[in-house]
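Novice: Fold the stuff below for me.
(chains A and B)
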Amino acid sequence: MITELGHFALILALGVAIVQMIVPLIGAWKGWAGWMAVAAPAASLQFAFIAASFAALTWAFVTDDFSLHLVWANSHTLQPMLYKFSGVWGNHEGSMLLWVLIVALFGAMAAWFGGGLPPSLKARVLSVQAAIGVAFLGFIIFTSNPFLRIAFPPFDGQDLNPLLQDPGLAFHPPFLYLGYVGLSMAFSFAVAALIEGKVDAAWARWVRPWTLAAWVFLTIGIGLGSWWAYYELGWGGFWFWDPVENASFMPWLFAAALLHSAIVVEKREALKSWTILLAILAFGFSLIGTFLVRSGIITSVHAFATDPTRGVYILMILAVFTGGALTLFAARAQAMEAKGVFGVVSRESALVLNNILLAVSAFVVFIGTVWPLVAEMLFDRKLSVGAPFFEAAFTPFMVVLSVVLPIGAMLPWKRARIGRVVKPLLPALVLAVLVALLAWTLQTSKTMLGPVGFLLGTWLVSGALVDLLSRTGRGPLGGRVSRLRRLPRADWGKFTAHTGFGVTVAGIAGLMAWQTEDIRVAQIGETFEVSGYAVTLTDVTREQGPNYVTTFGHMDVHKDGELVASLSPEKRVYPVQAMPTTEAAIANGFWRDIYLVIGDPQTGGGWAVRTFIKPFANWIWGGTIIMALGGLLSLSDRRYRVAAGAARAQLEPKGVPAE
Amino acid sequence: MRKLLLATVVALFGAAALAPHAARAVNPDEVLADPGLESRAREISAGLRCVVCRGENIDESNAGIARDLRLLVRERVLEGDSNDEVLDFVVERYGEYVLMKPTTGGANLLLWGAGPVLFLLAAGGAALYLRRRAAAPEPAVALSDEEKTRLDELMRG
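Specialist: This is a model prediction of the structure:
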């Protein structure tokens, strides 16, 4: 019964979304206030219906209702409650439902907190957002219905894919969707502005928080996925340039570009049409990512042919939304006259360079991802594009970005002189060179990767610090410290996010340059040495988990005679899906991770054992967390909490630092 | 079909796409005695794709065919082939599909050239735009009365 209500609520949501798409748009066009006012309550109602539908599906999962095909295929009575819950989005249909739930949530939030928006802009934004909702609700109802029943329900389900039964991965998809869908808000604002024919600082101030939030969620989502891959896949890789990873990485790069160019629109009313274009592209690439992943077209061209409906439907959504938006853009972009004038050397130009580097690197990822498909269709060549290509073609852009970032971040608006900016940065440069030299002398293998990575990382972090300190002006230290505390949150956010980027850069380079590994057969009781660590396999035991059987390897790690860690890597087998998984045991550390994996028993006795020493591994995710934190800080800046239109009236008498 | 479904589901989840297995990759019995040759073999393996996997190289993969290829690579290395000769040998048998790093030949020039060319185009376009912006006259905007009062207020405060 609850299931049917959920299904019904979903259909009602589609109806409401159609009304929300059409009525406010006509209202805004004709100037009918009553019709425009339909948008806000409709957005709330649409969200309520989808939430009810999602709750019904969750209920079915939590109560093991195996009469529902989706629950039967993705759950099991023995499964821990957390994974029954995350099983809701651990499959195609349920994850699409989560997707539209978030689309509707963001729409509703724009309706609730959009009081300061001009009524016609608000009506159009909600209308475009509803159009996205209609497209995906239709997709779910017509091609991917999660509420299908089984006539004769089985006693038990087929279990969730064991890979997904992991806390890191349980919350990876919701964060990614919050990111993808957050970009839909930027898209809706862009299209609404194109229809409106007006883009100004207030518009940018409205768009930036959504983009920033989307970027923060994407950062967390990608970080979670990468961290999961690191500890779960058993050899400690953290990024594979897999098409599915790239699908989330491209929108992240575009979102990063967009949130920077929106600053220029907000502060200087320039780069308007470019910012609109970026907003369209960012969401367009979210849709492309969805298409690549859902259709299976990249993995195998044949998978596409076996189940073409879904792929074709998403391709249509992609064509209609990006095609339509780009056509609108071509027709209207001329109307976006830029106001701000600025010199060739200025913060504006630096942000243009930032945008070029981020956008072009995103295109490189895109071309590398789809090239196997293009080559097969156009040139009849079956080939692969793997990690070595991306490392060679993508990394240079990030290196250039890292080099220019601290300088660009400090350039004043309008007109600047490089010399005046470089001077305060000299200590940062000296420090970076010293750290790189230290890394060079300390390393045993003579590679450039590690030292260069640490050069850039230190340059970014210390450059961000110099930038922050420079914001406090001159004068006695006490005054500067108190001014530091009163700096706008946006400045702290910028400092934090750029620092996080530097930490991640250093972490990636350090890990890739200096990791060591050891593969061997170890007898129980045997001790062996890896990079100065003495590893002992003390015992191997078999145990029973809630829905799996597991083999534990118990290992002690000593350094200089002292016990550093006692670790128990696992090898699990989930009998329902007959699938083995590896659970590496990791001793996390600031400087290095000790990463142990237990393999199969060997015929001659003993066990296959893999030991990895991974320097700076945690810096990668540490930096990611710091970046996300920077985004959140910036998001909490007071100018976003004050409605854009009302900002002037509420200015405090003493004013805020001008920028 | 079930497998395909599984693949799609796995595909939804980022890195999960890489089908993992209990025992990873290179097994202890494959390792060459000479560490120099072994590290060369590892380097070559990292550039060869496991043909039945999703985007994994043979060094990471646990599939049977990947193991066969790893052994083949080690055999060639022991015979005294250079890294490129080993790659050529494998490509001759399995086609260029096995190369993780695509060649620069023929149409692949488009792939390799896309990034640099796009960057140059974008930089050129931006340079033109910036020069035009720098030359554009500052739009003369007269302050409204309201703004003037506000300005006075600020100057006094």
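Novice: Nearest to chain B: which residue in the stretch 451-600 of chain A?
Specialist: Closest approach between the stretch 451-600 of chain A and chain B, counting by C-beta to the nearest C-beta: A:Pro580, at 3.6 Å. Yep, even glycine has a C-beta here, placed from its N, CA and C like the rest.
Novice: Mind checking what secondary structure that residue has?
Specialist: The three-state label given to A:Pro580 by DSSP: H, G, I helix; E, B strand; the rest coil is strand.
Novice: What is the neighbour count of it?
Specialist: By other C-beta atoms under 10 Å in any protein chain shown, the residues close to A:Pro580 number 19.
Novice: can you check the one 5 residues further on too?
Specialist: The burial metric for A:Ala585, expressed as a neighbour count using other C-beta under 10 Å, is 21.
Novice: Enumerate every residue touching A:Ile367.
Specialist: Going by C-beta atoms under 8 Å, 6 or more residues apart in numbering or on different chains, A:Ile367 touches B:111, B:114-115.
Novice: Now with 7 Å, please.
Specialist: B:111, B:114 (C-beta atoms under 7 Å, 6 or more residues apart in numbering or on different chains).
Novice: hang on, the earlier thing: let me see the confidence value for the residue of the stretch 451-600 of chain A closest to chain B.
Specialist: Residue-level confidence at A:Pro580 comes out at 77, pLDDT.
Novice: Repeat that for B:Leu110.
Specialist: At B:Leu110, the model reports a pLDDT of 90.
Novice: For the most centrally placed residue in chain A, which non-adjacent residue is closest in space?
Specialist: Centroid check for chain A by C-alpha atoms, centre = their mean gives A:Leu218 as the closest residue, at 1.9 Å. Excluding its sequence neighbours, the residue lying closest to A:Leu218 (C-beta to C-beta, 6 or more residues apart in numbering or on different chains) is A:Gly179, at 3.2 Å.
Novice: Sticking with the one you found, tell me its helix or strand.
Specialist: For A:Gly179, the host element (DSSP states H and E) is helix A:172-196.
Novice: Let me see the domain layout of chain A.
Specialist: For chain A, automatic domain parsing gives the domain ranges A:1-160, A:516-617.
Novice: returning to what we had before: make sure the residue nearest to A:Leu218 is actually in contact with A:Ile222.
Specialist: No - look at A:Gly179 against A:Ile222 with C-beta atoms under 7 Å: they stay out of range, at 8.2 Å.
Novice: What's the separation between the spatially closest residue to B:Tyr94 that is not a sequence neighbour and A:His172?
Specialist: Distances taken as C-beta to C-beta, 6+ apart put B:Val51 closest to B:Tyr94, at 6.3 Å, once the chain neighbours are dropped. Going from B:Val51 to A:His172 by C-beta to C-beta, to the nearest Å gives 29 Å.
Novice: Look at the two and report which has more neighbours.
Specialist: Neighbour tally, B:Val51 and A:His172, criterion other C-beta under 10 Å: the higher count belongs to A:His172, 29 against 16.
Novice: The more buried one contacts A:Leu224, correct?
Specialist: Yes - between A:His172 and A:Leu224 there is a contact at 4.4 Å, judged by C-beta under 7 Å.
Novice: Report the residue spans of chain A with pLDDT below the cut-off.
Specialist: The model of chain A has pLDDT under 70 over residues A:295-308, A:337-338, A:641-659.
Novice: residue with max distance from the center of it?
Specialist: Most distant residue from the mean C-alpha position of chain A: A:Gly604, 46.3 Å away (C-alpha atoms, centre = their mean).
Novice: Could you tell me which residues make contact with that residue?
Specialist: Neighbour list for A:Gly604: empty [criterion: C-beta under 7 Å, 6+ apart].
Novice: helix/strand/coil for it?
Specialist: On the three-state scheme (three-state DSSP), A:Gly604 is labelled coil.
Novice: Please state the backbone phi and psi of it?
Specialist: The phi/psi pair for A:Gly604 (degrees, to the nearest 10) reads phi -80, psi 20.
Novice: now it: how far from B:Pro28?
Specialist: Remark: distance between A:Gly604 and B:Pro28 (C-beta to C-beta) = 10 Å.
Novice: what do you get for A:Phe152?
Specialist: Distance from A:Phe152 to B:Pro28, by C-beta to C-beta: 50 Å.
Novice: who has more neighbours, these two?
Specialist: Legend: neighbour count by other C-beta under 10 Å for A:Phe152 and B:Pro28, higher for B:Pro28 (17 against 5).
Novice: Give me the spatial nearest neighbour of the more buried one, chain neighbours excluded.
Specialist: Per C-beta to C-beta, 6+ apart, closest to B:Pro28 is A:Val521, 4.5 Å.
Novice: Who does that neighbour form a beta bridge with?
Specialist: Note on A:Val521: beta-bridge partners by DSSP bridges are A:Ala608.
Novice: need the strands for chain A, in chain order.
Specialist: Along chain A, counting by DSSP state E, strands occupy A:516-522, A:527-530, A:533-544, A:549-559, A:562-567, A:570-574, A:579-583, A:585-587, A:592-601, A:607-615.
Novice: Of all those, which one is nearest A:Asp64?
Specialist: Across these, A:Asp64 has its closest neighbour in strand A:570-574 (17.3 Å, C-beta to C-beta).
Novice: related to what we said a few turns ago, which residues sit in contact with the residue nearest to B:Pro28?
Specialist: Applying C-beta under 7 Å, 6+ apart to A:Val521 gives the contacts A:602, A:606-608, B:28.
Novice: Tell me which helix or strand comes right after the helix or strand bottoming out on mean pLDDT in chain B.
Specialist: Ranking every helix and strand in chain B by mean pLDDT, DSSP states H and E puts helix B:2-11 at the bottom, with a mean of 40. Next along the chain after helix B:2-11, taking DSSP H and E as the criterion, comes helix B:35-46.
Novice: Can you tell me what sits against that next one?
Specialist: Helix B:35-46 is contacted from outside by B:31-32, B:57-59, B:70, B:73-74, B:77-78, B:83, B:86-87, using C-beta under 7 Å, 6+ apart.
Novice: The closest residue to B:Cys53 other than its chain neighbours: neighbour count?
Specialist: Nearest residue to B:Cys53, sequence neighbours excluded (C-beta to C-beta, 6+ apart): B:Ser61, at 4.9 Å. By other C-beta under 10 Å, the residues close to B:Ser61 number 29.
Novice: Am I right that B:Ser61 sits in a strand?
Specialist: No - according to three-state DSSP, B:Ser61 belongs to no strand; its state is coil.
Novice: And the pLDDT for it?
Specialist: On the pLDDT scale, B:Ser61 is placed at 79.
Novice: how close does it sit to chain A?
Specialist: Using C-beta to the nearest C-beta, to the nearest Å, B:Ser61 is found at 10 Å from chain A.
Novice: roughly how far apart are that residue and B:Leu48?
Specialist: Applying C-beta to C-beta, the value for B:Ser61 to B:Leu48 is 10 Å.
Novice: List the residues that contact residue 87.
Specialist: Looking at chain A here, since you left the chain open. A:Gly87 is in contact with A:61, A:74-75, A:160, counting by C-beta under 7 Å, 6+ apart.
Novice: ah, I was thinking of chain B
Specialist: Going by C-beta under 7 Å, 6+ apart, B:Leu87 touches B:44, B:47.
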